[in-house]
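S.K.: Turn this into a structure:
(one chain, ligands or ions: 1)
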Amino acid sequence: MKRLLLFVILSTTLLFLTTCEKKEPVSGNEPYPESIVLGFSQLGAESDWRTANSESIKTAARDAGIQLMFSDGQQKQENQIKAIRSFIANQVDVIAFSPLVESGWDTVLKEAKDAGIPVIITDRAIKTEDDSLYVALMCSDFREEGKKAGKWLVEKLQETKRDINVVELQGNMGSSPTILRKEGFEEIIKERPNIQIIQSVCADFMKSKGYEAMEELLKLEGDKIDVLYAHNDDMAIGAIKAIEEYGLKPGKDIIIVSIDANRGAFEKMIEGKLNCTVECNPLLGPMLMQAVRDVVAGIAIPKRIIIPGSVFPEEVAAQELENRKY
Ligand code: GYE
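M.R.: Prediction:
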């Protein structure tokens, strides 16, 4: 009995100590910050993925009691740079941003570094010679996503010996998902010389532009098109409309594979109009808030946090729909 009592006292004390540990002041004498201020520069609102991503960040900040300064860059890098500069002027605790394109961030990130404000990059990667300009990068492996789309296609067409013409709808030029989803896909299909990309155009990850681009591609290539590879679901959904208006059956006359795995894509798969979607999770809010808290508390976080994702072919769409969270 005595032993049991001792055990209970010891484990309760231990639990108390470990719980307290997290709340301890950063260096031992400064108070733990009352409320952390996070400046977040979103790149825009081009897709359902983006909407889900922004919502996730806003909700997670609220839940974590983090004060969020949220700025929408409206698809312009200069707006994002301005937003980051205003976060620096406001002396926020942490800056996070989702970069529209890969290049051109060094100057403003140096300004943040000089001001002593840590920067976390989310969603997309940047190109820089100086990795010390940010504390962490959290995003999916876009090359892997492109490879998964390619692998699914190659498998689907395993028995097909005739020439297969693919059209590709790319995201916005110069962004890391666009570059890597293209490279990853090409890496896989080059193993099959009868599968060729005959046209590749940018449609900025947008439904409306996916529709317009596909309309043009159908005018140019018409019935020659066997496959559409879209860098996101929104562009695929826009293209589906154009294909139907042209008088072909999306998902049957033209095989369609895209990326994101949002609800809209699942609905199209259930209707038999889209064949496969590769998952890219936009719900980064909770992970970002945890990273923000750790960084402020001086806890080291991994430099590269990879968001995992699955592949959903049309066969599983109906059973998976209810599990989709975006
Ligand atoms: O796939 C697309 C969005 O950066 C991963 O951007 C993101 C991409 C996503 O607009 O839908």
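
S.K.: alpha carbons only for contacts and neighbour counts from here, please
M.R.: Fine.

S.K.: Please enumerate the strands of the stretch 101-250 of the chain.
M.R.: 119-122, 136-140, 164-170, 195-202, 227-230 (DSSP state E, counting those that start in this stretch).

S.K.: how close does the residue most central in space within the chain sit to residue 212?
M.R.: By Cα atoms, centre = their mean, the chain has its centre lying nearest to residue 123, at 4.4 Å. Here residue 123 is placed at a distance of 26 Å from residue 212 (Cα to Cα, to the nearest Å).

S.K.: Ok, residue 57 next?
M.R.: For residue 57 relative to residue 212 (Cα to Cα), the value is 31 Å.

S.K.: More neighbours: which of those two?
M.R.: residue 57 (23 against 16; other Cα atoms under 10 Å).

S.K.: if I pick residue 46, what's in contact with it?
M.R.: Residue 46 is in contact with 75, 204, 205, 206, counting by Cα atoms under 8 Å, 6 or more residues apart in numbering.

S.K.: same deal with residue 67?
M.R.: 35, 36, 37, 38, 61.

S.K.: can you check residue 103 too?
M.R.: So residue 103 contacts 126, 127, 128, 174 (Cα under 8 Å, 6+ apart).

S.K.: next one: residue 292
M.R.: 38, 94, 120.

S.K.: okay, the angle between the strand or helix carrying it and strand 136-140?
M.R.: Assigned by DSSP states H and E, residue 292 belongs to helix 285-296. Per axes from the mean of the first three to the mean of the last three Cα atoms, to 10 degrees, the angle that helix 285-296 makes with strand 136-140 is 170 degrees.

S.K.: Only the buried residues of helix 285-296, if you could.
M.R.: The neighbour-count check on helix 285-296 (16 or more other Cα atoms under 10 Å) flags 285, 286, 287, 288, 289, 291, 292, 293, 295, 296 as buried.

S.K.: That helix and the ligand in contact?
M.R.: No - judged by Cα under 6 Å from any ligand atom, helix 285-296 stays clear of the ligand, getting no closer than 14.0 Å.

S.K.: what number of residues lie near residue 158?
M.R.: 10.

S.K.: Correction: the previous question concerned residue 310.
M.R.: Neighbour tally, residue 310, other Cα under 10 Å: 14.

S.K.: Just give the number of residues close to the residue nearest to it when sequence neighbours are not counted.
M.R.: Leaving aside its chain neighbours, residue 310 sits nearest to residue 279 (5.2 Å; criterion: Cα to Cα, 6 or more residues apart in numbering). The number of residues packed near residue 279 is 21, by other Cα under 10 Å.

S.K.: if I pick residue 279, what's in contact with it?
M.R.: 145, 259, 260, 261, 262, 309, 310, 311, 312.

S.K.: Can you measure across stretch 84-96, start residue to end residue?
M.R.: Stretch 84-96 has an end-to-end distance of 9 Å (Cα to Cα).

S.K.: do the same with stretch 185-201
M.R.: End to end - Cα to Cα - stretch 185-201 spans 15 Å.

S.K.: buried residues in that stretch?
M.R.: So stretch 185-201, judged by 16+ other Cα under 10 Å, has buried residues 185, 186, 188, 189, 195, 196, 197, 200, 201.
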